[in-house]
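Student: just to be clear, the model below is a prediction. Sequence and coordinates:
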Number of protein chains: 2
Amino acid sequence: MSEDFSKDPYNWDNLQGWRSYRAARPFRGIYYDIRRRLPYYWSDIKDGFNYRTFAGTIRIFFVNLLPAIAFELDMERNTGGYFGINEALFSSALAAVVFSTMSCQPLTVVGITGLISLFNYTIYHIAVQQGIRELYPQLIAWVSIWAAITHWLTAIFNWCDYMRYITDFSSNSFGMYVSIIYIIKGVEELVDQFNSGSLPGGYLSIVIALSYWFTVQALEGVGDTSLFRPWIRKSIADYAYPIATIFWTGFSHIPGRIENTDLLRVPHTRAFYPTVDRPWLVDFWNLPVKWVFVALPMGILLTLLFYYDHNVSSLGAQEKRFPLKKPAGFHWDFFLLGCTCFIAGIIGIPLPNGLVPQAPVHTDSCTEYTDRLVTSKEKDDDGDAEEIKHNKKTIIAAWVAEQRVSHFLMALMFIGTMTGPLLVVLHTMPRALFSGVFFVVGWLGIPGNGIAQNILYILSETRFRDPQDPRQQLSRWRIAYYLLFQILGVGFSVAISQTIGAIGFPVIIVALIPLRWVVMPRIFTKPELQVLDAPTADSHVVLASMGGKPEMPEITRERRTRGGDVESGESSGVSSGVMHEGMRSRDGGEEKEDEEEGKS
Amino acid sequence: MSEDFSKDPYNWDNLQGWRSYRAARPFRGIYYDIRRRLPYYWSDIKDGFNYRTFAGTIRIFFVNLLPAIAFELDMERNTGGYFGINEALFSSALAAVVFSTMSCQPLTVVGITGLISLFNYTIYHIAVQQGIRELYPQLIAWVSIWAAITHWLTAIFNWCDYMRYITDFSSNSFGMYVSIIYIIKGVEELVDQFNSGSLPGGYLSIVIALSYWFTVQALEGVGDTSLFRPWIRKSIADYAYPIATIFWTGFSHIPGRIENTDLLRVPHTRAFYPTVDRPWLVDFWNLPVKWVFVALPMGILLTLLFYYDHNVSSLGAQEKRFPLKKPAGFHWDFFLLGCTCFIAGIIGIPLPNGLVPQAPVHTDSCTEYTDRLVTSKEKDDDGDAEEIKHNKKTIIAAWVAEQRVSHFLMALMFIGTMTGPLLVVLHTMPRALFSGVFFVVGWLGIPGNGIAQNILYILSETRFRDPQDPRQQLSRWRIAYYLLFQILGVGFSVAISQTIGAIGFPVIIVALIPLRWVVMPRIFTKPELQVLDAPTADSHVVLASMGGKPEMPEITRERRTRGGDVESGESSGVSSGVMHEGMRSRDGGEEKEDEEEGKS
């Protein structure tokens, strides 16, 4: 079944004349995406019948549901109650049904993110400022319709190819930005407990949020120890979210002091009805033409956001460290995302797209890991004391359950959650718990992030650094200088998100890409960039859908100055491995091409 | 300067007739203690002038002061306000002055413990029950006088020698018991915030206590990383308590919501006066004779407690892992403890004695550690992937600042704290912070405790266990069976501490010693006991003061059954090393005698 995708027929190299223009050959990317993936459809179902799929379903359901509700609480507060629980669940269910059955990349989980929440309530604030608060439903519907149209155009004209130019420079900044926004949301949710609830309720909420965070971290940490039998410690890690959620929800109902402290809880709504009194279909045709056109730039900004956010999420779900065998399909999936934007837009639910910090979680929980014994001989630096130690090393046991069953089951669970009895269950949950969820999910993207890893690296004492670390070749100050650009990017994005200009933040993130391609090669040398940065799309199964590997600008520069004696192509697979090391031990083996390049 | 204390003239071996009876030769232990230690007095001062002494002073001052205040709050609540802040500070200062200048073991820090708090308020409850609440000051004074007398007798008749029969079996149980009591006290302090304070104040207190705990752990943890230069990370770890204390005290005063939440704070008292309106000298001569004799058994129980508690604390401060060169002196120090009991008793302040979970902290912070680079070659269990890793290993840099300067400076700081201005500073501290202190100090004794280590060991997966671990020879069930005795001992002690019979708990702890010497050798085999248990007094500098190493009962048993062909003496130094490994990496090198024994 293992095909070689490095020679995929979809590419734009060596083409002449009109054939080399992407816009001139519409639907080419979508066509190849479908042709490449369709043969795997049956195996996508067949490969789903195993225990890992089940564990993966539970884990991804909670990692998707809990933040979705959390963002919904945030949106509800900031949009005058327009978007509520039912809208959030409907949107997640819609996305899960569509993407589990029809997408090329069923491992990418699509749902409600913090950025769409930010987007929706910023538009609400603008509407309020412009005095058209009552037109908000129609306005946001038109933003979505324009977004849908630009999504379709992007997919049809093969522009998803440009995703291959995204490097860790911007995607790490984006990941860090998203994590920080999540944590800020967690704090805002706690602050709201004080504002909308009571003083003791506020403090109790802090206790619950911090304890929830600690509980999930500790339970997931059990998987990394060598306690108990492997299946027991893995189960504890797999079910960390449901265990913590049930425990702390129960805790919040302990009779006496705790129950009498009036904690805010998830609001109770009527199943299958919109939160505000309206029909599901928004009367978008009743928006004055002037505002329809005001919605256009907002729609384009939204497309810019989703272009980056959704595709980076797909890349996260298909990272090189997972030994994936089935091909990706960015064009088709982005077309599909246009469809969900359209449907979600006209029925007035938040627009779903790819989840970023949670992106690798689904693939990770569908991956069969195994614990290996590693014997190490320790030598003191004076060379005399030798000690033999036994350690545990967790490695990927050669396969990932690449399938659409867990995603589909998750869709069914979302539909189940939308029914009356389960809405009652949701109502028992304290809102404080969602602050904890924000902290957990936000933190998920921080320790493994390249920016965090580089900061820790430059702060660490020189002699204890890993001798194989390629960063050893660079000076500490050059790394700090490189980091400065990323930190400024993250800082500006976080800052603008706190203002009425928040919907402009995708521009800053996307601006990091030309910064990397045009400016950075003039400031940093080729070896520096090769160590510190690498394309985010780094495996052949993924690159096949984007027309193959691009040539990095520092290589192009060198070729042009030296006169073409340097091979083209990406060559810093090593650093890319280093960046992701924080999450789980990497699987070793770089690809042949990289090695050959390293010699040149 | 390095003397050999394995051939100390003070011992009772090979003596005949009346000379072999300890009670027949009073003052012999005290005499030898002084003779052994006095020559080091000048070096005890001289060796104190270095940076480690300074860092050690700050650390031990906070680790001593904060729990002392915490226990005082507990005692004050439970003794109708008789024991207050001034009494606690006076007691700590008295102990520090006496023991820093006159003791044989200036590394052992003496102060207010949780057990004396428990003791004092249990006697208060008994007094209330008996309707002699107004006689409580005189009663407790007489308990102290009797305790002082029995302390002196114990020291004079050389009974501290019996400390050498204490093994990790009981001292680990005792350590675990003390840690659990500390944590319970922390929770009780928080509960009191709800009872005596307000609901929001209670919840805010939980937030502060947990955050304080986390802050101290995190700052101390920085010392174990390889971040920053060595002196920076060590300073952060050294000053973790003051940093966390200042930060969270400041936090509790942030204007607005936090300051308006009425947190309970340390009570404000008049400097140098007793908390209740009375002269410092208690009129103990006004107690009816009947009650004087009721105080006798209580005094004996107190002596039993201090005998165990104080001496185990001295052992903790002089553990084998520290390369100490100056001799111990148990008899003289216990005599001195009798004196502080007497003084403290007649002026109505809580009786100081050796601090248990904090015992190794002083020595540890006077120890110069160094970070070494350890290179390890990792081998996967399939044998192919070899990787070289650089790790940090912290080892003792060959010396400990064995001196009495840090202890004496701490005494001066206590006296300073007793003055008006610093009492005002204490008053700004929220009581919640002391719950955090209880959690930190209680937790201090848990991860490295032999019971916790053995529980983790039997729960861990077999193949990842350290191949050099001597427990590998034993079956999991035998270790669990052994643990059962310790856990029952801890459980009963904790349970009785919650009742009016609390003052009887030293009996349970001390009863573990005959259990170990008489019963355990009949249940467990010699190799089992050698691996799982070892004498707590395990270095020659310490054993010199106790008449040398005792023969373990399992050895005696074997010798008797086989007819004397087995050598006598302790032989499980290895396991003793394992037990303490949790705290810092051990210094390797067992002593020659042990190795020779291993061969026999």
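Tutor: Received the coordinates, thanks.

Student: how about the nearest residue to the residue in chain A that chain B sits nearest to, chain neighbours excluded?
Tutor: Sorted by distance to chain B under CB to the nearest CB, the residues of chain A start with A:Tyr203, at 3.3 Å. C-beta: built from backbone N, CA, C; applies to glycine. Using CB to CB, 6 or more residues apart in numbering or on different chains and skipping the chain neighbours, the partner closest in space to A:Tyr203 is B:Tyr203 (3.3 Å).

Student: number of nearby residues for that neighbour?
Tutor: Around B:Tyr203 sit 27 other residues, with neighbours defined as other CB atoms under 10 Å in any protein chain shown.

Student: cool, and A:Trp231?
Tutor: A:Trp231 is flanked by 10 other residues according to other CB under 10 Å.

Student: contact partners for A:Arg77?
Tutor: A:Asp192 (CB atoms under 8 Å, 6 or more residues apart in numbering or on different chains).

Student: tell me if it really is in a helix.
Tutor: Yes: assignment of A:Arg77 by DSSP: H, G, I helix; E, B strand; the rest coil places it within a helix.

Student: run a quick neighbour tally on the nearest residue to A:Pro327 once chain neighbours are set aside.
Tutor: The shortest distance from A:Pro327 to any non-neighbouring residue, by CB to CB, 6+ apart, is to A:Arg36 (4.6 Å). Using other CB under 10 Å as the criterion, A:Arg36 is surrounded by 23 other residues.

Student: which helices and strands sit right next to the helix or strand containing A:Arg36?
Tutor: Using DSSP states H and E, A:Arg36 falls within helix A:28-37. Packing partners of helix A:28-37 (3 or more CB pairs under 8 Å, 6 or more residues apart in numbering or on different chains; DSSP states H and E): helix A:136-156, helix A:330-347.

Student: could you export those to JSON lines, including columns for mean neighbour count and distance to chain B?
Tutor: Converted to JSON lines, these look like this (neighbours: other CB atoms under 10 Å in any protein chain shown; distance: least, CB to the nearest CB, whole Å):
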{"stretch": "helix A:136-156", "mean neighbour count": "23", "distance to chain B": "32"}
{"stretch": "helix A:330-347", "mean neighbour count": "24", "distance to chain B": "34"}
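
Student: dump those to JSON lines, plus mean pLDDT.
Tutor: Supplementary listing: the helices and strands packed on helix A:28-37 in JSON lines, determined by pLDDT from 0 to 100:
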{"stretch": "helix A:136-156", "mean pLDDT": "94"}
{"stretch": "helix A:330-347", "mean pLDDT": "94"}
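
Student: right, and those helices - which one's nearest B:Gly420?
Tutor: Shortest separation from B:Gly420 across those is recorded for helix A:136-156, at 63.2 Å, computed as CB to CB.

Student: tell me the angle the closest one makes with helix A:330-347.
Tutor: Relative orientation of helix A:136-156 versus helix A:330-347 (axes from the mean of the first three to the mean of the last three CA atoms, to 10 degrees): 160 degrees.

Student: quick one: pLDDT of A:Val507?
Tutor: A:Val507 is assigned a predicted lDDT (pLDDT) of 88.

Student: CA atoms only: put the helix or strand that contains it into PDB for me.
Tutor: Secondary-structure element containing A:Val507, defined by DSSP H and E: helix A:505-514. Extracted in PDB, the C-alpha atoms of helix A:505-514 (Å, rounded to 0.1, in the frame of the first residue of the first chain):
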ATOM      1  CA  PHE A 505      -4.300  40.000  12.800                       C
ATOM      2  CA  PRO A 506      -4.100  37.500   9.900                       C
ATOM      3  CA  VAL A 507      -2.300  40.100   7.900                       C
ATOM      4  CA  ILE A 508       0.500  40.300  10.500                       C
ATOM      5  CA  ILE A 509       0.900  36.500  10.600                       C
ATOM      6  CA  VAL A 510       0.800  36.200   6.800                       C
ATOM      7  CA  ALA A 511       3.300  39.100   6.500                       C
ATOM      8  CA  LEU A 512       5.800  36.900   8.300                       C
ATOM      9  CA  ILE A 513       6.000  34.700   5.100                       C
ATOM     10  CA  PRO A 514       7.400  37.400   2.700                       C
END
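
Student: how many neighbours does A:Arg265 have?
Tutor: 18.

Student: check contacts around it.
Tutor: With contacts defined as CB under 8 Å, 6+ apart, A:Arg265 is in contact with A:His427, A:Thr428, A:Met429, A:Pro430, A:Arg431.

Student: what about the fourth one, distance to A:Thr261?
Tutor: Yep, that's A:Pro430 we're talking about. Distance from A:Pro430 to A:Thr261, counting by CB to CB, to the nearest Å: 10 Å.

Student: who has more neighbours, these two?
Tutor: For A:Pro430 versus A:Thr261, the count of surrounding residues by other CB under 10 Å is larger for A:Pro430: 26 against 22.

Student: if we can go back for a sec, got CSV for the helices and strands packed on helix A:28-37, with distance to B:Leu15 too?
Tutor: Shown next, in CSV, are the helices and strands packed on helix A:28-37 (distance: least, CB to CB, whole Å):
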stretch, distance to B:Leu15
helix A:136-156, 97
helix A:330-347, 90
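
Student: spell out which residues of the stretch 451-600 of chain A are next to chain B.
Tutor: Among all residues of the stretch 451-600 of chain A, those adjacent to chain B (criterion: CB under 8 Å from any CB of the partner chain) are A:Leu456, A:Leu459, A:Ser460, A:Glu461, A:Arg463, A:Phe464, A:Arg465, A:Asp466, A:Pro467, A:Gln468, A:Gly588.
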